[in-house]
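Trainee: coordinates only, sequence not included:
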């Protein structure tokens, strides 16, 4: 009885957010400047990263040298979790789109935390499920939506539209080539639609990036 009460108290005392934002055994904070590489394709897969602040772009280069953008992640998201599945080396690269503040968690420390702390395990599982759903939505988007709608969706995702009540947000500057890679179209088509969005008042440009308005959602609602 006493042992079970002590275990319950230990569980209630554990705060996954504190685990992911403060240094400890196997955990260290790392600051990565904008445009710097966090890890590269083919490097040792030995840690998981948690984004405390900033945006990270995940990429992969094919054997013939073509680069593809796999995703763009922001605050509160994990990446590099392939280390937990036994991957010996990174299958892609991670690059800081903005100045980033990250928590680097050694594989051993992350595995131990997931095994011993239910709240951390639940949080991480929820993240993986959300990413899986996002991947399915991306596939449906590629198969059935026009390039204009795909671009609007990507811009809304980058702005974190709907997350924590966000309806308007500034997106760090991202090249039209990268946007074209992400939605599977040409740079000229991206340029055409970006001008149309700006003229329609769905976005505007400032010194620190693109200001994406919640009204962009109208593009997705259109027929």
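Mentor: Right, received. Where do you want to start? From a predicted model like this one, the values you see are computed outputs, not experimental measurements. Numbers count the residues shown, from 1 in each chain.

Trainee: only C-alpha atoms from now on, for both contacts and neighbour counts.
Mentor: OK.

Trainee: so residue 138 sits in a helix?
Mentor: Yes - judged by DSSP: H, G, I helix; E, B strand; the rest coil, residue 138 forms part of a helix.

Trainee: distance of the spatially closest residue to residue 76 that is not a sequence neighbour from residue 68?
Mentor: Among residues not flanking residue 76 along the chain, residue 51 sits closest, at 5.5 Å (Cα to Cα, 6 or more residues apart in numbering). Per Cα to Cα, to the nearest Å, residue 51 is found 21 Å from residue 68.

Trainee: what about those two, which has more around it?
Mentor: residue 51 (21 against 17; other Cα atoms under 10 Å).

Trainee: three-state assignment of residue 169?
Mentor: Following three-state DSSP, residue 169 is assigned to strand.

Trainee: show me what contacts it?
Mentor: When contacts are counted by Cα atoms under 8 Å, 6 or more residues apart in numbering, residue 169 touches 159, 160, 161, 211, 212, 213.

Trainee: who does it bridge with?
Mentor: residue 212 (DSSP bridges).

Trainee: can you give me the buried ones in stretch 184-203?
Mentor: Going by neighbour count (16 or more other Cα atoms under 10 Å), the buried part of stretch 184-203 is 185, 187, 190, 193, 194, 197, 202, 203.

Trainee: how about stretch 88-100?
Mentor: 90, 91, 92, 93, 94, 95, 96, 97, 98, 99, 100.

Trainee: those residues into a markdown table, with extra columns for secondary structure?
Mentor: Converted to a markdown table, these look like this (three-state DSSP):
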| residue | secondary structure |
| --- | --- |
| 90 | coil |
| 91 | coil |
| 92 | coil |
| 93 | strand |
| 94 | strand |
| 95 | strand |
| 96 | strand |
| 97 | coil |
| 98 | coil |
| 99 | coil |
| 100 | strand |
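
Trainee: rebuild those residues as TSV, extending it with pLDDT and distance to residue 78.
Mentor: Shown next, in TSV, are the buried residues of stretch 88-100 (pLDDT from 0 to 100; distance: Cα to Cα, whole Å):
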residue	pLDDT	distance to residue 78
90	96	15
91	93	16
92	94	15
93	96	14
94	96	12
95	95	14
96	94	14
97	88	15
98	88	16
99	93	16
100	95	13
